[in-house]
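S.K.: Please work out how this folds:
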Amino acid sequence: MIFAITIIILALVFDFLNGFHDAANAVATVVVSKTLKPLQAVLLAGVGNFIGYFIFGVAVATTVGKGIVDANAVTLPIIFSALMGAVIWNIVTWILGLPTSSSHALIGGLIGSVIVAGGVRAVILPGVVKTFLFIFIAPLVGMFGAMVFTILIIWIFKRSHRLSATRLFKYLQLVSATFYSIGHGTNDAQKTMGIIALVLFTAGISSTFHVDNWIILSCHAAIASGTLLGGWRIVRTMGTKVSKIRAMEGFCAETSAAVVLIGTAHFGIPVSTTHVIAGSIMGVGSVEHARSVRWVTARRILYSWLLTMPIAAIFAAVSYAVVHLFL
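M.R.: Residues are numbered from 1 along each chain as shown. Just a heads-up that it's a prediction; the model follows:
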């Protein structure tokens with residue numbers, strides 16, 4: 001029981017770090033475009049993260065808890081090691097200022113610890129393949145959506161006075177930033193919900209895999225708190241080193257990303273909010289001028305995406321080997 005409670009606390013710490021690490025996703029565009037000051041932006045994002053609880057279900061949580069690895073093969077040391085692998089990778093990438101995926105770090109950690117403990121038979125391959133494919137699909141959809149939306153916005157406002165249009169988009173970006181934050185909280189908080197529900201099932205506290213209301217509330221509170229205290233290293237990468245962001249570009253990128261996040265959450269597909277917003281920012285930049293996108297930075301971000309699952313899996317595998325010595 002004590003070990004299970006320890007893992008639940010670690011899961012909430014991971015959720016907090018998820019919000020802290022991914023705060024840049026929710027606020028980078030609205031801060032860099034000077035629509036809001038940093039404190040105002042994180043307050044808006046934190047509230048948006050929490051709103052998802054009242055609107056959406058827990059399809060993503062179910063996928064993470066039962067669709068990646070066989071729940072019957074999971075033990076508490078496996079879950080503990082998966083969380084440790086994800087937390088270590090989050091801290092490393094935060095120090096480096098890399099906007100990587102906390103979601104894929106958690107999934108990679110779960111896969112790594114399960115394989116070390118019970119072999120590849122415990123891995124549900126279709127779920128892993130679907131998750132890996134959306135490393136590419138989700139940002140591409142976000143990029144394409146942002147390109148279409150940007151072209152449409154430019155056509156609609158082509159005769160508008162620049163100052164009046166900028167003022168309008170500053171207001172519209174408040175809506176899009178809130179919409180995106182709701183999608184961010186809905187998608188990302190659910191991964192930890194699935195892990196905590198898996199802990200309760202594995203420890204025998206729950207007879208079935210079920211996401212209780214207290215799990216949902218605590219995970220949304222943790223990720224919202226992390227967002228409120230989020231670091232600014234990654235904001236600079238997302239908001240200034242990928243493409244130039246003003247109010248109109250921020251509105252288009254956030255709106256496209258929000259649609260993708262809420263759509264994938266509805267279908268229970270665990271995607272990365274980092275991947276989606278980065279793809280959307282690149283899409284906006286490509287429409288206005290392909291050279292305005294800093295493709296060297298984009299390539300660096302892509303490499304970190306591809307490395308996240310395997311490196312988190314390695315960290316988790318090492319963590320399991322160490323934990324196994326003491327249990």
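
S.K.: Strands along this protein, start to end?
M.R.: Using DSSP state E, no strands are assigned anywhere in the chain.

S.K.: Touching, I8 and I196? I think so.
M.R.: Yes: with contacts counted by Cβ atoms under 8 Å, I8 reaches I196, the gap being 5.5 Å. Every C-beta, even on glycine, is put in place using the N, C-alpha and C of the backbone.

S.K.: quick one, which of the two is more surrounded?
M.R.: Using other Cβ atoms under 10 Å as the criterion, I8 and I196 rank with I196 on top: 25 against 21.

S.K.: Now do the same contact list for that one.
M.R.: I8, A11, L12, I215, S218, C219 (Cβ atoms under 8 Å, 6 or more residues apart in numbering).

S.K.: mind redoing it with 6 Å?
M.R.: I8, A11, I215 (Cβ atoms under 6 Å, 6 or more residues apart in numbering).

S.K.: how about a markdown table for the residues you listed, with distance to A71 and pLDDT added?
M.R.: A markdown table is the format used below for the contacts of I196 (distance: Cβ to Cβ, whole Å; pLDDT from 0 to 100):
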| residue | distance to A71 | pLDDT |
| --- | --- | --- |
| I8 | 16 | 93 |
| A11 | 16 | 90 |
| I215 | 16 | 89 |
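
S.K.: Compile those into JSON lines and extend it with columns for distance to V69.
M.R.: Compiled in JSON lines, the contacts of I196 are given as follows (distance: Cβ to Cβ, whole Å):
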{"residue": "I8", "distance to V69": "18"}
{"residue": "A11", "distance to V69": "16"}
{"residue": "I215", "distance to V69": "19"}
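
S.K.: ok, so of the residues you listed, who is nearest V74?
M.R.: Each of the contacts of I196 was checked against V74 using Cβ to Cβ; the closest is A11, at 13.4 Å.

S.K.: show me the contacts for the closest one.
M.R.: L83, T192, I195, I196.

S.K.: So what's the residue count around the spatially closest residue to the second one that is not a sequence neighbour?
M.R.: Going back to what we said before, that points to T192. Residue nearest to T192 in three dimensions, not counting chain neighbours: D15, with 4.2 Å by Cβ to Cβ, 6 or more residues apart in numbering. As a burial measure, D15 scores 29 neighbours (other Cβ under 10 Å).

S.K.: ok, so what distance separates D15 from V318?
M.R.: Using Cβ to Cβ, to the nearest Å, we find D15 at a distance of 22 Å from V318.

S.K.: Next: F80.
M.R.: Counting by Cβ to Cβ, the gap from F80 to V318 is 13 Å.

S.K.: Also V31?
M.R.: On the measure of Cβ to Cβ, V31 and V318 end up 37 Å apart.

S.K.: N72 now?
M.R.: Applying Cβ to Cβ to N72 and V318 gives a distance of 25 Å.

S.K.: Which one's more surrounded, those two?
M.R.: Neighbour comparison, N72 and V318: the larger count goes to V318, with 17 against 9 (by other Cβ under 10 Å).

S.K.: Quick check: that one vs G85, distance?
M.R.: For V318, the distance to G85 equals 8 Å [Cβ to Cβ].

S.K.: who touches L17 in this structure?
M.R.: Taking Cβ under 6 Å, 6+ apart as the test, what L17 contacts is N90.

S.K.: Model confidence for it, exactly?
M.R.: Model confidence at L17, given as pLDDT, is 80.

S.K.: got it, and V27?
M.R.: 68.

S.K.: can I get the contacts of A11 in CSV with distance to S256 and pLDDT?
M.R.: As requested, the contacts of A11 are exported to CSV (distance: Cβ to Cβ, whole Å; pLDDT from 0 to 100):
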residue, distance to S256, pLDDT
L83, 31, 92
T192, 26, 84
I195, 29, 86
I196, 31, 90
